[in-house]
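Asks: What follows is a predicted protein model with its sequence.
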Amino acid sequence: MPSHAPQSDRPAGRPRLTPPVADVRRAVRDAFARERMPEGSLVLVALSGGADSLALAAATAFEAPRAGLTAGAVVVDHGLQAGSAEVAERAAAAARGLGLGPVEVRRVRVDAAGGPEAAARTARYDALAAAAREHGAAAVLLGHTLDDQAETVLLGLARGAGAASLQGMPVRAERGGAVLLRPLLGIHRADTRQACLDAGLEPWDDPHNTDPAYARVRVRERVLPVLEAELGPGIADALARTAEQLREDEAALAHQIEEFIEEIVEPAEAGIAVSVAALDASPAAIRQRIVRLVAASEFGLHLSRAQTLDVARLVTDWHGQGPIELPQGVRVTRARGHLVFSTTGSTEILPHDH
């Protein structure tokens, strides 16, 4: 990773330190402390020009030199609105005004596949990861707030996506070889806007953020206010706490399963075999998680709940049925006390259970 010289502090005329400004700065400072990046490392702020990312950019410009880091910004222009190029250039100019550098605008093409929100998100993350690789950045900082986390959890709950979705967005993730950090998941959206006002920064308000055609906007503008009105204040905080607790539980359980699975699997021709007895003795949640983990780790196959339960029935409801055919040519057969995951067409050397 290339070394970058730390930036100097901004000249006189800094904004006064108000509680919102201090809170955002503290969140960024804590993120740097957790990550322990080498001195001289570059961090990039994903900047849209909105209040969240602008407050993050200002805090990063202040905190990075004090952590021995240098900070730049990447503005992604999705080209989905008239005047998007001008909005992107204004955001880049704001970043330079804060003392960030390097600053660049990346224009992307948004594919229509998967819906506009998902497609834009994919294009944005791909662009950010590419920028991080090209600049040798240690991390990319994203401006998602506590309110964004609450919306994510509610959307996952409505879609019945399971515990993984209810964990919301992680504080730290990796994508395309880039480290993504979300320092503001404990900060409310109202505080990032106030931090911008206190710092004399003028955020851009994306019209998509108030367009009810998007499910996230409906959650933000309609669902959460109703929940607050009917159940009392603090719903967003409660949802964010739920996500954090589930993420902690997930990390602990994943660690235990990784150790357990080493004891109950063995190689099979063109695949892997898992002990039926061990699966049968495990709680349903553990059994199904192991099925999903084997499919994902060995074949890159992400099973739906229905597919997972079909496979699990080879353990829990065995009456001599044939193999389960899964996507991507993966087959699961019960044979000689094992569930054998293999690719279609492989020769099975273990006789079937009877």
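Replies: Right, received. Where do you want to start?
Asks: quick one: the strands in the stretch 1-150 of the chain?
Replies: Counting by DSSP state E, counting those that start in this stretch, the stretch 1-150 of the chain has strands at residues 42-46, 70-77, 103-107, 139-141.
Asks: Over to residue 282: give its phi and psi.
Replies: Phi and psi for residue 282, reported as degrees, to the nearest 10, are phi -90, psi 150.
Asks: So which of the strands of the stretch 1-150 of the chain is nearest residue 30?
Replies: Residue 30 lies closest to strand 139-141 among the strands of the stretch 1-150 of the chain, at 12.2 Å (C-beta to C-beta). No exception for glycine: its C-beta is placed from N, CA and C like everyone else's.
Asks: mean confidence for that closest one?
Replies: The average pLDDT within strand 139-141 is 98.
Asks: again with stretch 327-336
Replies: Taken as a whole, stretch 327-336 carries a mean pLDDT of 92.
Asks: Stretch 145-156 too?
Replies: 93.
Asks: now stretch 341-354
Replies: On average, stretch 341-354 scores 60.
Asks: tell me the contacts of residue 59?
Replies: Counting by C-beta atoms under 8 Å, 6 or more residues apart in numbering, residue 59 touches 21, 24-25, 27-28, 183, 195.
Asks: Please apply the same query to residue 267.
Replies: Per C-beta under 8 Å, 6+ apart, neighbours of residue 267: residue 273.
Asks: Double-check that it belongs to a strand.
Replies: Yes - according to DSSP: H, G, I helix; E, B strand; the rest coil, residue 267 belongs to a strand.
Asks: And the longest helix seen in the chain, how far out from the chain middle?
Replies: Of all segments of type helix in the chain, defined using DSSP state H, the longest is helix 235-264. Here helix 235-264 is found 15 Å from its chain centre; the criterion is C-alpha atoms, centre = their mean, to the nearest Å.
Asks: just stretch 310-323 next, same as before
Replies: 35 Å.
Asks: Averaged pLDDT, it. What do you get?
Replies: Here stretch 310-323 scores 94 as its mean pLDDT.
Asks: helix/strand/coil for residue 272?
Replies: strand.
Asks: Now do the helix or strand bottoming out on mean pLDDT in the chain: everything it contacts.
Replies: Least confident element among the helices and strands of the chain, by mean pLDDT, DSSP states H and E: helix 163-166 (a mean of 73). Residues outside helix 163-166 that contact it (C-beta under 8 Å, 6+ apart): 152-153, 155-157, 159, 242-243, 246, 250.
Asks: Mind putting these into TSV with distance to residue 109 and neighbour count?
Replies: Below are those laid out as TSV (distance: C-beta to C-beta, whole Å; neighbours: other C-beta atoms under 10 Å):
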residue	distance to residue 109	neighbour count
152	25	21
153	31	24
155	26	18
156	28	18
157	33	14
159	27	10
242	36	17
243	32	23
246	35	17
250	35	15
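Asks: Pop the domain breakdown of the chain in here.
Replies: 19-243, 269-343 (automatic domain parsing).
Asks: Now do the last one: distance to the chain's middle.
Replies: Here the centre of domain 269-343 is set off from its chain's centre by 28 Å, with C-alpha atoms, centre = their mean.
Asks: Name the next helix or strand following the least confident helix or strand of the chain along the chain.
Replies: Downstream of helix 163-166, the first helix or strand assigned by DSSP states H and E is strand 172-175.
Asks: Now do that following strand, average pLDDT.
Replies: 93.
Asks: what lines up beside the next helix or strand after that strand in the sheet?
Replies: Sequence-wise, the next helix or strand downstream of strand 172-175 (DSSP H and E) is strand 178-181. Partners of strand 178-181 in the sheet, by DSSP bridges, are strand 139-141 (parallel), strand 172-175 (antiparallel).
Asks: The strands of the stretch 1-150 of the chain into CSV, with extra columns for mean neighbour count?
Replies: Shown next, in CSV, are these (neighbours: other C-beta atoms under 10 Å):
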stretch, mean neighbour count
strand 42-46, 26
strand 70-77, 26
strand 103-107, 17
strand 139-141, 25
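Asks: circling back to that earlier point, can you spell out which helices and strands pack onto the longest helix of the chain?
Replies: Applying 3 or more C-beta pairs under 8 Å, 6 or more residues apart in numbering; DSSP states H and E, we find helix 235-264 packed against helix 146-159, helix 163-166, helix 224-231, strand 271-275, helix 276-281, helix 284-299.
Asks: Try it again at 6 Å.
Replies: In this structure, helix 235-264 makes packing contacts with helix 146-159, judged by 3 or more C-beta pairs under 6 Å, 6 or more residues apart in numbering; DSSP states H and E.
Asks: Give me the residue ranges of the stretch 1-150 of the chain where confidence is low.
Replies: Residue ranges of the stretch 1-150 of the chain with pLDDT under 70: 1-15, 112-116.
Asks: For it, which segments are assigned as helices?
Replies: Counting by DSSP state H, counting those that start in this stretch, the segments of the stretch 1-150 of the chain that form helices are 19-35, 51-66, 84-97, 116-135, 146-159.
Asks: thinking again about what came up before, columns distance to residue 289 on top of the strands of the stretch 1-150 of the chain, output as a markdown table?
Replies: Conversion of these to a markdown table gives the following (distance: least, C-beta to C-beta, whole Å):
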| stretch | distance to residue 289 |
| --- | --- |
| strand 42-46 | 32 |
| strand 70-77 | 35 |
| strand 103-107 | 38 |
| strand 139-141 | 30 |
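Asks: of all these, which lies closest to residue 324?
Replies: Going by C-beta to C-beta, the one of the strands of the stretch 1-150 of the chain nearest residue 324 is strand 139-141, 40.3 Å.
Asks: hang on, the earlier thing: could you dump the domains of the chain into a markdown table with distance to residue 259 added?
Replies: Formatted as a markdown table, those follow (distance: least, C-beta to C-beta, whole Å):
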| stretch | distance to residue 259 |
| --- | --- |
| domain 19-243 | 20 |
| domain 269-343 | 12 |
